[in-house]
Structure formats: structure tokens, C-alpha cells
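Peer 1: could you look at this predicted model? Sequence included:
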Amino acid sequence: MASPWLSHGLHARRCLSEAFRSNKWVRTQAPLVLLFGSLARGEPGRDVDLLVVGNGYLNGRIYHRVPAGPAHIDLNIASRAWLMAAWRDSEWGYCLSEAYPLSHRTDLLEEVWRKSVTRYFSAGARKERMGMHRRDSQALFGLAAMARAIGCHLLSRMLVHESLRVGATALLEVAGTRLFSHRSFVAELRHSCHRLQIPGRQSEYLTDALVGVGSFNLKARTTRFVRIRRGISSVLRSLAIRSRLRYDPGATRERRISQLGRIVGDPASARRVEQFLLRDGMQGVLPAESVVSFGFQALSRAILVAERWSFAREADIRSSSSTVESPSVDTPKLNPIPGARWVEATGGRLKVILSTGGCKTPTCSFCNLPKYGRSSPRGSPSETVRDVLRSSSPAELALYNDGSLLNPAEIPRPELWRICDTVRKAGIRRLCIESVPRFVSGPLTRELRYRLGSVKLRMGLGLHSTGDWVARMIRRPDPDAIFERAIEILKENHVETRAYLVWGMPSLGKEVRANLLRRSILWAQRRAVDIITICPYVAPSKSRSARSGGECLLCQLRAILRTLHHANGSRVELSVPATWSCGVEIGIPTCQECRDTIRRCLRSDTQGRSQQEVSGVTARLPHYPVPEVALRASMAGPAYNQEDSVCISI
């Protein structure tokens with residue numbers, strides 16, 4: 001039975017973080033402590049999964065299970081060298097993608113973790129791991145055939161189960177979220193097969209091979225799978241103790257398979273393992289051999305589908321995007337000057353898009369900002385900001401660069417410091433910038449706050465949607481864990497946070513889009529994000545909008561927002577600009593009611609501008625218990641950069 005306090009995910013994680021950071025021994029002896037698993041994601045947990053990273057020369061990773069009252073602690077100890085190479089670990093590297101730093105002695109070690117996470121999440125690393133999953137699955141299946149040949153049928157069934165589980169992990173790499181959680185593995189597998197559009201019969205064959213044949217519901221299948229996994233783990237972990245067989249449960253998967261190969265290759269050792277399985281009652285737990293062959297055939301087909309699906313989805317999004325690179329789409333410009341393609345002053349707000357060569361980070365497949373940055377003549381960012389502020393004295397400066405302002409490859413640190421000094425001396429009250437979250441670190445944020453002085457700082461992060469499987473599909477460069485850590489760092493340093501969500505993404509069904517948006521808004525609200533901006537996805541032409549069924553995206557969005565509940569501290573906004581700086585507006589699927597509502601908001605916005613705040617106006621919706629929602633529809637500004645807002649009732 002799990003400890004009751006673990007059921008409060010975010011609160012339990014916060015308590016653990018405070019305990020570790022205040023412990024003197026941890027601060028001095030444990031360079032980096034990472035929490036992973038359910039608690040790391042802010043969800044209810046049954047145990048505590050820890051990874052302690054040291055500076056020693058530990059070879060690989062050491063695992064210990066430590067009892068802690070009604071719960072237990074799964075303690076993993078690894079070296080810094082393992083952390084740096086963990087992106088290639090096809091089994092234990094997954095903990096990086098959902099890790100949460102509880103304590104770190106130096107910011108340098110956290111930076112090593114951040115770089116390792118982003119590398120683990122890259123498309124190239126994922127493709128390499130999928131190859132490892134297939135190779136290890138085939139190796140285990142070969143060992144199962146060897147065990148069957150010498151009459152060890154129960155050992156063969158165990159190895160086949162391991163083979164199917166490892167192979168199914170390749171599907172989760174593409175379309176799943178959690179790779180190795182026993183309690184969510186069956187549900188993740190079913191969701192992945194659904195997303196991959198694998199026929200239901202093939203999905204059932206694969207699930208039956210993992211949990212056995214029977215009319216089980218999801219809860220019963222999950223319980224049975226956990227029981228099987230616990231039994232197999234218990235037998236494998238006790239091999240060295242029971243019979244002094246050379247098997248190390250803490251070794252890498254490739255090494256463990258090699259050790260199992262030596263055991264199966266020795267008939268006497270194989271029969272001893274067979275006896276252990278019989279004594280532990282695994283004969284009635286492991287799935288029967290009759291369903292295994294169908295499961296392995298279904299798995300082979302599913303992996304091929306996953307590989308094709310990954311490529312096809314990315315190509316579909318790229319071809320359906322309003323910002324797809326095309327000679328027919330010109331770079332949007334407004335009052336361009338040397339070093340900036342967009343300079344716009346409205347009220348007390350000045351918006352400047354610097355020309356720094358475009359985004360240097362592997363970016364989302366639908367984003368065209370890198371092209372705009374490359375096609376614009378470059379200039380000195382600090383000199384451009386200084387020249388613009390000489391002729392304007394805004395209260396708020398929105399400063400963007402078609403990329404990440406905090407990326408040193410786009411704006412070197414000396415240039416960034418000169419920009420901060422210029423902004424501070426110009427009397428700006430608020431500075432709004434955007435960055436990929438991997439560049440948000442504690443030292444950099446503190447330095448920015450110091451150099452800006454009394455200037456308020458607002459950071460925009462392109463979250464688009466929660467769910468790492470969605471991020472992989474649209475090629476978002478960072479997983480949810482990096483976004484979460486960036487938000488926490490910004491909140492600790494009193495920086496306002498804005499999360500951008502994309503609504504109406506192509507290649508996703510209506511219900512999937514709705515569920516993703518609800519979960520993303522809830523995720524951001526629970527992390528106390530100050531502003532949540534919903535950006536409707538724009539098709540490149542009216543013909544493509546009609547081809548998608550002519551759905552009114554704003555009507556669907558209004559229906560979803562009615563179901564949300566108000567959360568104190570978070571403001572939800574809807575972005576529908578009149579002039580785009582991140583693309584060319586060709587047509588948003590809307591109905592007449594939506595268009596009339598926008599026109600009314602624009603008219604009221606013009607009449608009541610003097611009563612609005614510089615950062616935008618929000619209003620409580622009169623009819624529904626939903627968050628504060630604002631329609632961002634000023635006469636100029638892009639979906640991702642516009643700050644002015646007007647009220648809309650959904």
C-alpha cells in the first residue's frame with residue numbers, strides 16, 4: 001500500500017524538493033538528485049524513484065530498493081559519465097525525459113542533465129533506440145527458441161514475454177508517453193496502437209501475448225501485467241543468490257541479454273532457472289505459448305507501421321502548415337529597418353522582431369520563422385534596439401528574433417547584456433521575450449533580472465501541447481520535463497510566464513484535439529503559468545480548409561472552453577490577429593457567429609482602449625464557470641507575439 005502523501009503529486013514533489021535541498025548531507029555529498037516516475041510529472045505515485053548522480057568513476061548504474069514505511073524508494077546511483085551518455089541507453093535513459101531535479105550542488109550538473117535530456121529527445125536518438133529495441137527483442141526471441149529446444153518451456157515463455165515487452169517499447173518510443181511504467185504499460189500500448197492506426201485485431205493479439213487471453217478490462221489487464229512483471233523480476237534478481245549464476249540485474253539490457261544467453265547455452269543452468277520459475281508459480285501466470293506467435297507477428301507489423309507513421313505524420317503537418325517553406329510565401333514585414341524586419345508601435349507598446357539569422361534550434365515541423373530569419377538582412381541586435389528606442393518611449397517592449405532570444409548562437413551574451421542595459425536606461429516597465437526552454441537556466445535568469453533592474457520580465461514558451469508523443473510528432477525540440485523545469489526557474493526568479501498552445505493542429509482527430517487542449521490548459525494552470533495563450537492553427541489555403549471538412553475551429557474551441565474551470569492566477573487568452581508576423585493569413589475556418597463576435601470585440605476595443613491595461617484586457621465570462629478568456633485581435637501582431645487583447649464572451 002502506498003503512502004497517502006504520495007497521492008498528492010505536485011505537493012509531494014514540492015515537499016521532497018524542499019527536504020533534499022535543505023539536507024546538509026545531500027547538499028555536500030550528492031551532486032545531483034533526480035526524481036523520475038509519476039511524482040516527477042506531478043502525478044500521484046506509489047513509490048519514490050530517485051537517480052543520484054555523482055562525480056566518481058562508477059561503471060554503469062547501481063540499483064537498490066530501500067523500504068520506507070508503507071512505500072519504498074527505488075534508488076539508482078550513476079556517474080556523471082553515465083548521465084552524459086544516457087541518451088543512448090535504450091532502457092534506463094527514459095528516466096531523463098520525465099526527470100525532475102530535486103537537488104543539485106552546482107548549476108553545471110543541472111546543465112549536463114538538461115543537455116542529456118534534449119539529446120535523448122532528439123529524432124536521431126529515438127531512431128537509434130528503436131533499432132536497439134528491435135535488435136534486443138529479436139535476440140530474446142532467439143534465446144526463447146533455444147530454451148524450447150532443450151525442453152525448458154517455462155523459461156522459453158518468460159523470454160518470449162521479455163521479447164514482446166522490449167519490442168512493444170519501440171511503439172511507445174513513437175506514439176507513447178511512458179516507456180517502462182508497469183502500471184501504465186498496457187494502457188500506453190493500447191493508446192499507441194490507436195494513434196498508429198493499427199487494426200484492433202492486431203492490437204489485441206499483441207496485448208493477449210503480454211497478459212494472456214481473456215475478456216479482461218483495462219484494469220484487470222494492467223493488474224495481470226504487473227503481476228507477471230513482478231514475478232519475472234523476482235526470479236531474475238534472485239538468480240545470483242539462489243544458484244550463483246552470473247546475472248547482474250543492474251547491468252545494461254544488452255549485457256543482461258548476453259548473460260541470459262550464457263545461462264540458456266548451459267542446459268544445467270537453464271533447467272535450474274526453469275525450476276525457480278516453477279517454484280514461484282509462474283506456470284499459471286505467464287501467457288500460454290499458443291498466443292505468443294500471433295503476438296510476435298503483430299508486433300513485427302506494428303513496428304513497421306510505427307516507422308512509416310512517424311515519417312508520414314511529420315510530412316502531413318509540414319504540408320498542411322500555414323508556415324511551410326514555399327517560394328510563394330513572402331517574409332512578413334512592417335516598418336522594416338536595418339537589423340529588424342518588424343517594428344510596430346501601438347499605444348504604449350513597441351514590438352520589434354530582430355534579424356539574427358533565424359532559429360538555430362531544431363524546430364517544430366510547422367514553423368517557418370527560421371526561414372524568415374535567414375531571409376532578412378542581419379544587423380547588430382543591441383544597436384538596433386538602441387536606435388529604435390531613441391525615437392520611441394514605450395512602457396512595454398516586446399522583443400523577438402524569429403527564434404530564441406536566450407540562445408547564444410543567435411544573440412551572443414555580450415549583445416544580450418547590452419540590450420538589457422539599453423532597456424533599463426530607456427525606462428521600459430516590462431520586457432517581453434521568447435525562448436526555447438532548454439536555454440532557461442538559473443544563472444542566466446538571475447543575471448537577466450540583475451541587469452534589467454526594476455524592469456519586469458515576461459518569458460514566452462512555445463509549449464503547443466503537453467504530451468511528449470505530440471511533441472515528437474510535431475518535432476518540438478524539448479520534452480515536457482524541460483518546460484516544467486524552465487517554468488519553475490522563472491517563477492523562482494519572479495519572471496512572468498506565458499505558454500503558447502496551438503489549437504486545431506492537422507492530422508489529429510476532433511476528440512484528440514479537444515482532450516489535448518484541456519489537458520494542456522490544466523497542466524499549465526497547475527504549474528501557475530501566468531498567461532496561457534491559445535493560437536488557432538491556420539491552414540495555408542481555403543482549399544485545404546475545405547478539404548479538412550470546413551470545420552469551424554473557433555466554434556469547437558468555444559465549446560471546449562465552456563467545460564473548463566476557473567483557476568486563480570492563470571489567464572487564458574485566444575489569439576486571432578489581424579496582421580501576422582509569423583506567417584501569412586490566408587483563412588481561418590470560422591462561422592458567421594465567430595466572425596461577428598470578433599468584429600464586435602474590435603469595435604469595443606477601439607472605443608474602450610483608454611480603459612485597458614498595456615498588457616491586455618481580460619474579463620470574467622458572464623455565463624460559464626471558465627477561466628478568464630481574452631480574444632487577442634488588435635489591428636496588428638502575430639499569433640505568437642501579439643500582446644494586445646480585447647474581451648470575448650464564449
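Peer 2: Right, received. Where do you want to start?
Peer 1: so where's the stretch 1-150 of the chain shaky on pLDDT?
Peer 2: Along the stretch 1-150 of the chain, the model assigns pLDDT under 70 to residues 1-9, 23-30, 55-60, 68-70, 105.
Peer 1: any chance you could map the helices in it?
Peer 2: Secondary structure of the stretch 1-150 of the chain (DSSP state H, counting those that start in this stretch): helices located at 9-22, 24-29, 80-85, 94-97, 107-120, 123-149.
Peer 1: between those helices, which one is closest to residue 350.
Peer 2: helix 107-120 (32.3 Å; CB to CB). Where you see a C-beta, it was placed from the backbone N, CA and C, and this is true even at glycine.
Peer 1: pull out the buried residues from the closest one.
Peer 2: Neighbour counts using 16 or more other CB atoms under 10 Å place 109-110, 112-114, 116-120 of helix 107-120 among the buried residues.
Peer 1: does anything pack onto it? Which helices or strands?
Peer 2: strand 32-36, helix 80-85, helix 94-97, strand 100-104, helix 442-452, helix 480-492 (3 or more CB pairs under 8 Å, 6 or more residues apart in numbering; DSSP states H and E).
Peer 1: dump those to JSON lines, plus mean neighbour count.
Peer 2: Converted to JSON lines, the helices and strands packed on helix 107-120 look like this (neighbours: other CB atoms under 10 Å):
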{"stretch": "strand 32-36", "mean neighbour count": "24"}
{"stretch": "helix 80-85", "mean neighbour count": "18"}
{"stretch": "helix 94-97", "mean neighbour count": "23"}
{"stretch": "strand 100-104", "mean neighbour count": "22"}
{"stretch": "helix 442-452", "mean neighbour count": "16"}
{"stretch": "helix 480-492", "mean neighbour count": "21"}
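Peer 1: which among these is found nearest to residue 238?
Peer 2: Nearest to residue 238, of all those, is helix 94-97, at 24.1 Å by CB to CB.
Peer 1: how far away from the center of its chain is that closest one?
Peer 2: 11 Å (CA atoms, centre = their mean, to the nearest Å).
Peer 1: ok, what's across the strand from residue 434?
Peer 2: residue 460 (DSSP bridges).
Peer 1: residue most distant from the centroid, this structure?
Peer 2: Most distant from the centre of the chain: residue 268, at 47.5 Å, with distances by CA atoms, centre = their mean.
Peer 1: summarise which helices and strands the helix or strand harbouring that one is packed against.
Peer 2: Here residue 268 sits within helix 267-279, counting by DSSP states H and E. Judged by 3+ CB pairs under 8 Å, 6+ apart, helix 267-279 is in contact with helix 153-175, helix 218-237, helix 239-243, helix 253-265.
Peer 1: name the residues that touch the last one?
Peer 2: Pointing back at helix 253-265 there. Contact with helix 253-265 is made by 90-91, 132, 136, 139-140, 143, 146-147, 150, 152, 155, 159, 166, 239, 245-249, 251, 269-270, 273, as judged by CB atoms under 8 Å, 6 or more residues apart in numbering.
Peer 1: how near is residue 212 to residue 571?
Peer 2: For residue 212, the distance to residue 571 equals 50 Å [CB to CB, to the nearest Å].
Peer 1: and if you look at residue 123?
Peer 2: Applying CB to CB, the value for residue 123 to residue 571 is 34 Å.
Peer 1: what about these two, which has more around it?
Peer 2: The neighbour comparison of residue 123 against residue 571 (other CB atoms under 10 Å) goes to residue 571, with 20 against 13.
Peer 1: read off the pLDDT value for the more buried one.
Peer 2: pLDDT recorded at residue 571 is 83.
Peer 1: residue 303 now?
Peer 2: In this model, residue 303 is scored at 84, pLDDT.
Peer 1: thought it was touching residue 134?
Peer 2: Yes - with contact defined as CB atoms under 8 Å, residue 303 counts as touching residue 134 (6.3 Å).
Peer 1: what packs against the strand or helix carrying residue 473?
Peer 2: In this structure, residue 473 sits in helix 468-474 according to DSSP H and E. Applying 3+ CB pairs under 8 Å, 6+ apart, one finds that helix 468-474 makes contact with helix 153-175, helix 289-320, strand 456-464.
Peer 1: change it to 6 Å
Peer 2: Judged by 3 or more CB pairs under 6 Å, 6 or more residues apart in numbering; DSSP states H and E, helix 468-474 is in contact with no other helix or strand.
Peer 1: how much distance is there from that helix to the middle of the chain?
Peer 2: With CA atoms, centre = their mean, you get 7 Å for helix 468-474.
Peer 1: stretch 341-350 too?
Peer 2: On CA atoms, centre = their mean, the centre of stretch 341-350 falls 33 Å from that of its chain.
Peer 1: next: stretch 341-357.
Peer 2: 30 Å.
Peer 1: not counting sequence-adjacent ones, nearest residue to residue 282?
Peer 2: Using CB to CB, 6 or more residues apart in numbering and skipping residues adjacent in sequence, the residue nearest residue 282 is residue 231, 5.2 Å away.
Peer 1: so that neighbour touches residue 284, yeah?
Peer 2: No - at 10.2 Å, residue 231 does not count as touching residue 284 under the criterion of CB atoms under 6 Å.
Peer 1: between the two, point out the one with more neighbours.
Peer 2: residue 231 (17 against 6).
Peer 1: that one and residue 161: what is the separation?
Peer 2: Relative to residue 161, residue 231 is positioned 10 Å away (CB to CB).
Peer 1: do the same with residue 527
Peer 2: Counting by CB to CB, the separation of residue 527 from residue 161 is 38 Å.
Peer 1: quick one: which of these two has more around it?
Peer 2: Each of residue 527 and residue 161 has its neighbours counted (other CB under 10 Å); residue 161 has more, 25 against 17.
Peer 1: do you know the pLDDT at the nearest residue to the more buried one once chain neighbours are set aside?
Peer 2: Of all residues not flanking residue 161 in the chain, residue 286 sits nearest, at 6.1 Å (CB to CB, 6+ apart). Among the per-residue scores, residue 286 holds a pLDDT of 88.
Peer 1: and for residue 202?
Peer 2: 86.
Peer 1: distance-wise, check the spatially closest residue to residue 299 that is not a sequence neighbour relative to residue 414.
Peer 2: Spatial nearest neighbour of residue 299, excluding adjacent residues (CB to CB, 6+ apart): residue 167 at 4.7 Å. Residue 167 is 51 Å from residue 414, where distance means CB to CB.
Peer 1: more neighbours, the two?
Peer 2: The residue with more neighbours, out of residue 167 and residue 414, is residue 167; 23 against 10, by other CB under 10 Å.
Peer 1: local confidence estimate at the more buried one?
Peer 2: 90.
Peer 1: enumerate the positions of stretch 381-397 that are buried.
Peer 2: 381-382, 384-389, 394, 396-397.
Peer 1: rounded mean pLDDT for it, please.
Peer 2: On average, stretch 381-397 scores 91.
Peer 1: which other residues reach that stretch?
Peer 2: By CB atoms under 6 Å, 6 or more residues apart in numbering, the surrounding residues in contact with stretch 381-397 are 339-340, 345, 348-350, 352, 354, 411, 415, 418-419, 422, 426, 428-431, 614.
Peer 1: may I have the distance across that stretch, first residue to last?
Peer 2: Stretch 381-397 has an end-to-end distance of 14 Å (CA to CA, to the nearest Å).
Peer 1: show me where the stretch 451-600 of the chain has its helices.
Peer 2: Going by DSSP H, counting those that start in this stretch, the stretch 451-600 of the chain shows helices at 468-474, 480-492, 510-526, 542-547, 553-562, 592-607.
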